[in-house]
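*Asks:* Provide a 3D model corresponding to the input given below.
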Amino acid sequence: MLTGKRIFLRRFRTEDAPILLKWGKNPRYHKMAGFEQLTNIEDAKRAAGQYVLRKGSFVICLKENEQVIGLVELYERGMDERSGLLKTKEIGFLLDQDFEGNGYMTEALNLIIKDAFENEEQVEIWAGTFENNERSQKLLSRLGFRYVYNVDYGQVTNLFSFKEKYYLLKKEEWLKIVSNTKS
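*Replies:* Here you go, the predicted model:
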């Protein structure tokens with residue numbers, strides 16, 4: 001568990017299926033973040049089971065009442081030791097729209113980034129956002145991520161029709177940000 005001032009991150013549980021169903025039924029989360037569309041509790045239980053199996057997947061909970069308000073996860077970019085990808089992750093996140101604008105996601109991302117760089121020996125963290133998700137792009141920029149490139153997945157395969165912007169935060173850049181905020 002990772003703990004902040006107002007929130008904590010805990011591992012997923014199968015009991016989190018109802019909140020996943022809530023998000024999965026809301027087209028906004030699919031449109032803005034590519035969250036899986038879920039239509040029934042069985043689909044949500046299956047999704048919760050998948051999150052439970054992923055080491056870097058967490059729900060974001062309010063400290064005051066333990067309410068689940070979002071999710072954040074670090075996932076593998078590759079498993080080939082020679083490529084160096086074992087020391088790099090990609091971050092994904094979603095915040096319930098009822099809790100937007102309160103700084104909760106900033107706090108959650110700071111917790112997971114700090115843990116990744118200080119305890120998990122990561123050297124860089126990537127983030128992809130849909131092209132129209134300007135809120136997430138601004139958040140990433142405020143946290144020190146820098147824009148690197150665009151991908152038009154419609155050019156890669158006819159299975160997808162979205163565009164993504166990719167951002168990168170390197171450990172050495174993060175360390176500079178952290179040292180500047182302490183002084």
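
*Asks:* which stretches of the protein have low pLDDT?
*Replies:* For the chain, the stretches with pLDDT under 70 are 78-86, 153, 157-161, 182-183.

*Asks:* can you map out the strands along it?
*Replies:* For the chain, strands defined by DSSP state E occupy the ranges 2-3, 7-11, 57-62, 68-76, 88-95, 124-130, 146-152, 163-170.

*Asks:* in a markdown table, list those strands along with mean neighbour count and distance to Lys176.
*Replies:* In short, each C-beta sits where N, CA and C put it, glycine included. Shown next, in a markdown table, are the strands of the chain (neighbours: other C-beta atoms under 10 Å; distance: least, C-beta to C-beta, whole Å):
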| stretch | mean neighbour count | distance to Lys176 |
| --- | --- | --- |
| strand 2-3 | 14 | 22 |
| strand 7-11 | 19 | 24 |
| strand 57-62 | 22 | 26 |
| strand 68-76 | 20 | 21 |
| strand 88-95 | 21 | 18 |
| strand 124-130 | 21 | 14 |
| strand 146-152 | 12 | 12 |
| strand 163-170 | 18 | 10 |
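
*Asks:* adding distance to Phe117, write those out as a markdown table.
*Replies:* Below are the strands of the chain laid out as a markdown table (distance: least, C-beta to C-beta, whole Å):
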| stretch | distance to Phe117 |
| --- | --- |
| strand 2-3 | 13 |
| strand 7-11 | 15 |
| strand 57-62 | 16 |
| strand 68-76 | 11 |
| strand 88-95 | 10 |
| strand 124-130 | 8 |
| strand 146-152 | 16 |
| strand 163-170 | 9 |
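
*Asks:* and of these, who's closest to Glu36?
*Replies:* Among the strands of the chain, strand 88-95 comes nearest to Glu36, with 10.7 Å by C-beta to C-beta.

*Asks:* tell me what angle that closest one forms with strand 124-130.
*Replies:* 40 degrees (axes from the mean of the first three to the mean of the last three C-alpha atoms, to 10 degrees).

*Asks:* of the strands of the chain, which is nearest Glu118?
*Replies:* Using C-beta to C-beta, the strands of the chain put strand 2-3 closest to Glu118, at 11.1 Å.

*Asks:* with that, I have no additional questions.
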